[in-house]
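>>> my questions are about this predicted structure, shown below with the sequence.
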Amino acid sequence: MAFTAVRERPSTEATLTMTQRFLRALAALSLLIAAEAAVLATTVLIAAGAASPAAAQLFDDRFPFQNPFANPYQRQRQYQQQQQQQFWNPFAPQPEQRQGQAAPPPDFSKAPPPKKPEGTPSTNVLVFGDSLADWLGYGLEVSFTESPEMGVIRKPRTHSGLIRQDMRSDPRGDHPDWPKAIQEMLATERPDFIVMMIGLNDRRPIREPRAARAAVTRPGQQPQPGQPPA
């Protein structure tokens, strides 16, 4: 069995209706495109008007003699000024030089000096050690700002340590013998608490002095002067 599809030809009225719909759609599309073009043109004009002063300033700063926004007389005057600036005039007034040098970098190895207490503290904390102890004492002073009954006594030695035995006899006191120095401090100070913080300058290998070896002498040989006997 065979099937045959038959398509009817649209009538004249239907054809006119389709044509009218197409024309209406085309007209609406044209109006939409025209509206979009008008909005775009307005945006471009506004942007151009806002950018004109900036563009003029750009030309004034970088290319003064090529500024299209200036009149010919103004461009010529700017060009002459630029040419005059390229030649050094020894008689022209020179800009004042900066007097003084840059401030040296701050020394963070020492904390700010302690402030004099307003009254007599009833409880004192003695802090000694290296530069870490100095900053620790400063931090305690800041913490006890609202507690006038607490006092902090700082006794730091900035570059001191515990390892370098050869520096303990330093006459300046920067590298003291801490066990002896602590006894001397406690003889003059009567703290309620003692805090020691040290070790920043001890980040090095520990070297113990070698003991002198006894000289080996052969039978019948006399020891040399200065050598301990065998």
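Good, I have the coordinates.

>>> which residues of this structure score low on pLDDT?
1-20, 22-23, 25-76, 78-100, 165-172, 215-218, 220-230 (pLDDT under 70).

>>> let me see the domain layout of it.
Segmentation of the chain into domains, based on automatic domain parsing, reads 19-75, 123-197.

>>> how about Ala187, secondary structure?
Recorded secondary structure, Ala187: helix (DSSP: H, G, I helix; E, B strand; the rest coil).

>>> residues near it, how many?
Residue neighbour count, defined by other CB atoms under 10 Å, stands at 8 for Ala187. For the C-beta atoms, the positions are set from N, CA and C on the backbone; glycine is no exception.

>>> against Pro121, how distant is it?
Separation of Ala187 from Pro121 (CB to CB, to the nearest Å) stands at 20 Å.

>>> got it, and Gly137?
14 Å.

>>> higher neighbour count, these two?
Using other CB under 10 Å, the more surrounded residue of Gly137 and Pro121 is Gly137, with 24 against 17.

>>> in this model Pro112 seems to touch the more buried one, though I could be wrong.
No - at 10.4 Å, Gly137 does not count as touching Pro112 under the criterion of CB atoms under 8 Å.

>>> OK, contacts around Ile198?
Listed by CB atoms under 8 Å, 6 or more residues apart in numbering, the contact partners of Ile198 are Gly129, Asp130, Leu132, Ala133, Ser160, Gly161, Leu162, Trp178.

>>> those: which two are farthest apart?
Leu132 and Trp178 (14.0 Å; CB to CB).

>>> what strand or helix carries Lys155?
According to DSSP states H and E, Lys155 maps onto strand 150-156.

>>> ok, now Val142?
Counting by DSSP H and E, Val142 is part of helix 131-143.

>>> between that helix and strand 150-156, how big is the angle?
Angle of helix 131-143 versus strand 150-156, following axes from the mean of the first three to the mean of the last three CA atoms, to 10 degrees, is 160 degrees.

>>> who does helix 131-143 touch, helix- and strand-wise?
Judged by 3 or more CB pairs under 8 Å, 6 or more residues apart in numbering; DSSP states H and E, helix 131-143 is in contact with strand 123-129, strand 150-156, strand 193-197.

>>> which of these sits closest to Pro117?
Ranking the helices and strands packed on helix 131-143 by proximity to Pro117 (CB to CB) places strand 150-156 first, at 5.9 Å.

>>> adjacent strands (with direction) for the closest one?
strand 123-129 (parallel) (DSSP bridges).
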